[in-house]
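>>> Build me a model:
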Amino acid sequence: MKKIALIGDIIESKKLKNRAVIQKKLDSIFKDINKKDKYLQSDFTITLGDEFQAVYSRADSIIINSLRILADLYPVKVRFSFGVGEITTAMKKKAIGMDGPAFYNAREGMESLKKGNHNFYLTDGLADSFRMERYVLNLISHMMKGWNENRFRTLLMMFEEKGKKDIAKKLSISERAIYKTINSGALEDVIRVSREITQSINRKL
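The predicted model follows:
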């Protein structure tokens with residue numbers, strides 16, 4: 001059965017002055033996600049320095065978790081590669097020491113990300129698969145470059161289906177500011193296309 005291997009990487013991590021603090025924060029984020037996410041097959045695990053991995057059985061929470069990492073680490077930038085395919089080794093509690101096409105595809109995607117300036121890549125190893133989804137993810141990456149932390153957190157809470165009044169209260173800003181944030185960032189459209197991408201990945205599994 002196919003799975004989704006996620007490989008993530010903190011961008012230009014060696015230039016961060018507070019690298020140890022960021023790594024500790026990332027570890028805390030992972031502990032919370034690992035505890036709550038029912039779609040994780042192998043837990044988020046820091047592997048090489050500032051790189052991390054996870055394995056999903058379905059794509060339902062993969063985008064929202066990526067957004068949570070971006071929001072919680074802001075303004076630190078992170079890139080995510082999603083590889084769809086088989087896992088040929090035994091599944092492990094921690095996403096390390098496993099092998100198979102899902103990981104090959106995720107690694108291929110990460111290498112592509114390192115050559116460009118986008119935050120997301122999706123592939124199952126076939127050139128024609130997920131082509132449109134990759135274009136949409138590129139557009140979302142481009143849009144996110146100008147976002148502040150409140151916009152990331154607003155999007156995250158919208159994914160969690162929190163109301164605008166609750167979001168405004170949580171962020172200590174006015175409802176009018178929330179509406180402006182949503183409209184300026186086209187956040188409702190980002191959610192719609194993200195859900196379409198999720199369904200597209202699930203159909204391939």
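>>> what's the spacing between the residue nearest in space to the middle of the chain and F44?
Taking C-alpha atoms, centre = their mean, the centroid of the chain lies closest to S66, which sits 2.2 Å from it. Taking C-beta to C-beta, to the nearest Å as the measure, S66 falls 11 Å from F44. The C-beta positions use only the backbone N, C-alpha and C, and glycine is treated the same way.
>>> what's the answer for H118, then?
For H118, the distance to F44 - C-beta to C-beta - is 21 Å.
>>> Among those two, which residue is more densely surrounded?
F44 (24 against 19; other C-beta atoms under 10 Å).
>>> Now do the strands in the protein.
Assigned by DSSP state E, the strands in the chain fall at 2-10, 40-46, 51-56, 78-86, 120-123.
>>> I'd like these as a markdown table, with distance to N18 and mean pLDDT appended.
Formatted as a markdown table, these follow (distance: least, C-beta to C-beta, whole Å; pLDDT from 0 to 100):
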| stretch | distance to N18 | mean pLDDT |
| --- | --- | --- |
| strand 2-10 | 12 | 96 |
| strand 40-46 | 16 | 94 |
| strand 51-56 | 18 | 96 |
| strand 78-86 | 15 | 97 |
| strand 120-123 | 25 | 97 |
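>>> could those strands go into JSON lines alongside distance to M158?
Converted to JSON lines, the strands of the chain look like this (distance: least, C-beta to C-beta, whole Å):
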{"stretch": "strand 2-10", "distance to M158": "22"}
{"stretch": "strand 40-46", "distance to M158": "22"}
{"stretch": "strand 51-56", "distance to M158": "21"}
{"stretch": "strand 78-86", "distance to M158": "19"}
{"stretch": "strand 120-123", "distance to M158": "18"}
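>>> need the helices for the protein, in chain order.
19-36, 62-73, 101-115, 131-144, 149-159, 164-171, 175-184, 187-204 (DSSP state H).
>>> could I get these as a markdown table with mean pLDDT and distance to A95?
Below are the helices of the chain laid out as a markdown table (pLDDT from 0 to 100; distance: least, C-beta to C-beta, whole Å):
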| stretch | mean pLDDT | distance to A95 |
| --- | --- | --- |
| helix 19-36 | 92 | 10 |
| helix 62-73 | 95 | 13 |
| helix 101-115 | 95 | 9 |
| helix 131-144 | 95 | 21 |
| helix 149-159 | 95 | 23 |
| helix 164-171 | 95 | 31 |
| helix 175-184 | 95 | 34 |
| helix 187-204 | 96 | 17 |
